[in-house]
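> sequence and predicted structure are below.
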Amino acid sequence: RLILGCKNTIIPSSVEVIGNNAFSGCTGLESIFIPASIESIGEEAFWGCSGLSSITIDPNNHVYDSRDNCNAIIKKDSVYYDIYGNRVAIIKDRLILGCKNTIIPSSVEVIDNFAFNGCSSLRSINIPTGVVIIGDYAFEGCSSLRSINISSSVTYIGESIFYGCTELMLYCYAPICPTASSYSFVNTKDKTLLVPRSLYELYINNDDWNKFDRIIPLDDTLDIVMNDTGYKTLYYDGSYILPEGLSAMVVSDISSDGKLVFKTIASGDESGVIPSGEAVVLVSDKPGTFRLILNTDNNYVYEGNNLLLGSDVDTITYSNGNEESLFYKLSYGPSNTDLSGVPGWYWGARNGGEFPIEGHKAWLAIPVSLTKGSNGYSMTGTPTYANEIPADIFDEEAVIYDLNGIRQLTPIGNGMSIINGKVVIIIE
């Protein structure tokens with residue numbers, strides 16, 4: 001029996017039992033290997049091991065496994081009890097320990113009591129279809145947990161499962177409110193529940209589930225796909241809450257040396273909000289899909305200057321002032337400039353003229369007096385003054401093909417086109 005371990009422990013193959021609290025609070029433990037000999041793992045054996053990122057079990061172990069490299073301990077053929085010792089069900093696959101890198105297999109039926117308890121480095125988790133029960137205190141103390149998806153198969157939610165979690169966004173797709181108690185969602189600060197609109201009334205009228213600070217229909221969300229460039233324009237006549245990893249900035253001015261001045265007005269890392277009707281550039285450090293939530297408290301206003309404009313519908317670019325402006329769209333620098341291939345703002349039509357743009361996207365309108373002859377700007381604000389910036393690249397008479405050789409009326413947004421014999425890449 002192993003009664004005490006540390007961050008450097010290698011469990012001998014002669015050990016059959018890992019005792020209660022054996023590694024409890026060992027924050028320096030990063031990985032653990034469970035040998036084939038282990039037949040029993042005690043309660044809270046790995047509680048508070050916040051640095052744990054790798055869990056592996058010998059494939060010859062007959063009691064536990066870590067199937068599909070899931071980074072978890074799964075117990076097979078188990079009898080499930082609640083915290084009071086009452087027998088609830090006979091379960092074939094029960095996840096008893098997870099870590100910050102766990103991917104829960106769809107074959108798991110129960111997430112055990114305390115399974116992720118104290119895992120303060122866990123940031124998001126998906127509860128797949130197949131899971132029926134989420135045990136008591138399963139995610140208690142997961143202070144960094146921001147997002148959790150609960151599938152339609154879940155029927156039971158344990159007590160205090162998110163105790164100590166902050167700014168939690170819980171997506172629940174169960175067609176019937178999972179059984180919960182008045183203590184299931186206690187002491188969860190700033191928690192948001194998102195459900196399909198068809199289930200909204202069901203959840204908002206449930207005395208246990210309506211304890212969330214906000215309950216939002218999922219169609220009041222907006223999924224944004226960010227590519228490798230890390231930039232995308234956005235405009236909505238509605239205010240949205242940014243998720244973690246995404247920020248929004250405006251072009252507030254042009255400096256005395258002719259560079260664009262960018263200003264971050266909202267950050268998802270700080271629960272930032274994009275004001276209604278404000279054209280912005282979204283910025284992310286990595287590609288992926290980010291979900292924005294409609295902000296029903298529409299009182300936030302950005303009072304600073306913004307040279308970006310946008311529209312909810314397809315339109316032709318325009319400026320707000322009386323002074324003549326040049327118009328730019330988010331794209332890559334043309335090959336015949338010193339900003340070749342660099343993401344930034346470049347003319348969308350001959351000589352900086354007006355051009356068509358899709359709804360919910362933004363463009364840059366700069367008064368001629370401020371451009372100082374610049375035909376484009378990088379996302380660091382650096383201007384280019386090349387004399388041969390695409391004079392006809394978006395001209396109505398331009399010859400445009402996609403990469404399959406099919407003639408197009410307009411260049412392909414977020415893609416490659418062949419325009420007048422030149423390959424052009426556009427991001428929007």
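That came in fine, so what should we check first?
> element containing residue 345?
Taking DSSP states H and E as the definition, residue 345 sits inside strand 343-347.
> average pLDDT across that strand?
What strand 343-347 shows for mean pLDDT is 88.
> which strand or helix spans the residue nearest in space to the middle of the chain?
For the chain, residue 290 is the residue whose C-alpha lies nearest the centre (Cα atoms, centre = their mean; 4.1 Å). Mapping residue 290 onto the secondary structure by DSSP H and E places it in strand 288-294.
> same thing with residue 249?
strand 246-254.
> sheet partners, orientation included, of that strand?
Paired with strand 246-254 in the same sheet, following DSSP bridges, are strand 260-267 (antiparallel), strand 280-284 (antiparallel).
> would you mind pulling the contact partners of the longest one?
By Cβ atoms under 8 Å, 6 or more residues apart in numbering, the surrounding residues in contact with strand 260-267 are 242, 246-255, 272-275, 278, 280-281, 283, 302, 304, 307, 345, 377, 379, 381, 383. C-beta: built from backbone N, CA, C; applies to glycine.
> give me the buried subset of these.
242, 246-254, 272-275, 278, 280-281, 283, 302, 307, 345, 377, 379, 381, 383 (16 or more other Cβ atoms under 10 Å).
> mind checking the longest strand of the protein?
strand 87-98 (DSSP state E).
> tell me how far the very next helix or strand once past it lies from the chain's centre.
Toward the C-terminus, strand 87-98 is succeeded by strand 110-111 as the next helix or strand (DSSP H and E). Distance, stretch centre to chain centre, for strand 110-111: 24 Å (Cα atoms, centre = their mean, to the nearest Å).
> what's next to the helix or strand following strand 110-111, contact-wise?
Counting by DSSP H and E, the element after strand 110-111 in chain order, helix or strand, is strand 124-127. Applying Cβ under 8 Å, 6+ apart, the contact partners of strand 124-127 are 98, 102-104, 111, 116, 134, 139, 145-151, 154.
> now a ChimeraX select for only the buried ones of the residues you listed.
To isolate the buried members of the contacts of strand 124-127 in ChimeraX, using 16+ other Cβ under 10 Å:
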select :98,102,104,111,116,134,139,145,146,147,148,150,151,154
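> low-confidence regions, the stretch 301-428 of the chain specifically.
Flagging of the stretch 301-428 of the chain using pLDDT under 70 yields the residue ranges 335-337, 384-402, 405-428.
> all strands of it, in order?
All strands of the stretch 301-428 of the chain, identified by DSSP state E, counting those that start in this stretch, fall at 308-311, 315-316, 325-332, 343-347, 356-357, 361-367, 376-378, 383-384, 400-401, 407-408, 415-419, 422-426.
> pairing partners for the fifth one, with directions?
Meaning strand 356-357. Partners of strand 356-357, by DSSP bridges, with direction: strand 315-316 (antiparallel).
> I am finished for the moment; much appreciated.
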